[in-house]
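Participant: sequence unavailable; structure follows:
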Ligand code: URA
């Protein structure tokens, strides 16, 4: 299975009730040889409209953090979400919605085989790292899970609500840059 085939299957998904209210499935965006995978929670209104992840206000903020450490979705990373359709009123995904959707993410993970997964916010961190994960306490730390490094940072939407935390998130991105230099082979051209 290649990425494009997976995407076409995913765009037709009807595995949970979110398919009734979505405008677009947000499959994800990035390069197919990404070594770093970012995972958010789920599409908001702008993402649902455009069919692309993190394109609203929080996406602009995310892009600025990415740019600061020479990452970009059209260059060297992939961005996906725990659920690929917008939960109404931007509520947290329900357990059955996450459970129905995560097999898509798993297939994306298997195709990419990323070296590093960055969880954006609590929902992704609790799904992918540990059930009781505290982003406040354990953001910026790397956890080795079967050879892949997982890290969580604050969700950009949370940073828009609480700009005092921006330096914490920036520190996580600096740590990420260091880790990429350590373990990735072609994310940064100088490591290639
Ligand atoms: N918030 C998310 O978690 N994901 C998006 O794609 C956009 C906003």
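Facilitator: Yep, that arrived. Model, not experiment: these values are computed from the prediction.
Participant: where do the strands sit along the chain?
Facilitator: 29-30, 36-40, 78-81, 116-120, 143-145, 148-153 (DSSP state E).
Participant: and among those, the most buried is which?
Facilitator: Among the strands of the chain, strand 36-40 has the highest mean neighbour count (mean count of other Cβ atoms under 10 Å), at a mean of 27. Just so you know, the C-beta spots here come from the backbone N, C-alpha and C atoms, and that holds for glycine as well.
Participant: neighbouring contacts of that one?
Facilitator: The contact list for strand 36-40 (Cβ atoms under 8 Å, 6 or more residues apart in numbering) reads 30, 53-54, 62, 71, 76-82, 105, 108-109, 112, 114-121, 124, 128, 155, 176, 180, 184, 187.
Participant: hang on, the earlier thing: any chance of the strands of the chain in TSV, with distance to residue 67 and mean pLDDT too?
Facilitator: Output for these, formatted as TSV (distance: least, Cβ to Cβ, whole Å; pLDDT from 0 to 100):
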stretch	distance to residue 67	mean pLDDT
strand 29-30	15	98
strand 36-40	14	98
strand 78-81	14	98
strand 116-120	15	98
strand 143-145	26	98
strand 148-153	15	98
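Participant: switch the ones you listed over to JSON lines; also include distance to the ligand.
Facilitator: Shown next, in JSON lines, are the strands of the chain (distance: least, Cβ to the nearest ligand atom, whole Å):
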{"stretch": "strand 29-30", "distance to the ligand": "9"}
{"stretch": "strand 36-40", "distance to the ligand": "3"}
{"stretch": "strand 78-81", "distance to the ligand": "5"}
{"stretch": "strand 116-120", "distance to the ligand": "6"}
{"stretch": "strand 143-145", "distance to the ligand": "20"}
{"stretch": "strand 148-153", "distance to the ligand": "12"}
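Participant: for the residue nearest the centre of the chain, which non-adjacent residue is closest in space?
Facilitator: The centre of the chain sits closest to residue 39, judged by Cα atoms, centre = their mean, with a distance of 1.5 Å. Once flanking residues are discounted, residue 39 sits nearest to residue 124: 4.5 Å by Cβ to Cβ, 6 or more residues apart in numbering.
Participant: quick one: residues contacting that neighbour.
Facilitator: 39, 40, 41, 81, 82, 152.
Participant: get me the contact residues on the chain for the ligand.
Facilitator: 26, 40, 41, 42, 43, 44, 47, 53, 54, 58, 81, 157 (Cβ under 6 Å from any ligand atom).
Participant: now the helices for the chain?
Facilitator: In the chain, the helices defined using DSSP state H lie at 3-11, 18-21, 45-50, 57-68, 95-112, 122-128, 135-138, 156-161, 166-183.
Participant: adding mean pLDDT and distance to residue 145, write those helices out as CSV.
Facilitator: Output for the helices of the chain, formatted as CSV (pLDDT from 0 to 100; distance: least, Cβ to Cβ, whole Å):
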stretch, mean pLDDT, distance to residue 145
helix 3-11, 96, 22
helix 18-21, 98, 27
helix 45-50, 98, 27
helix 57-68, 97, 23
helix 95-112, 97, 11
helix 122-128, 97, 8
helix 135-138, 98, 14
helix 156-161, 98, 24
helix 166-183, 98, 14
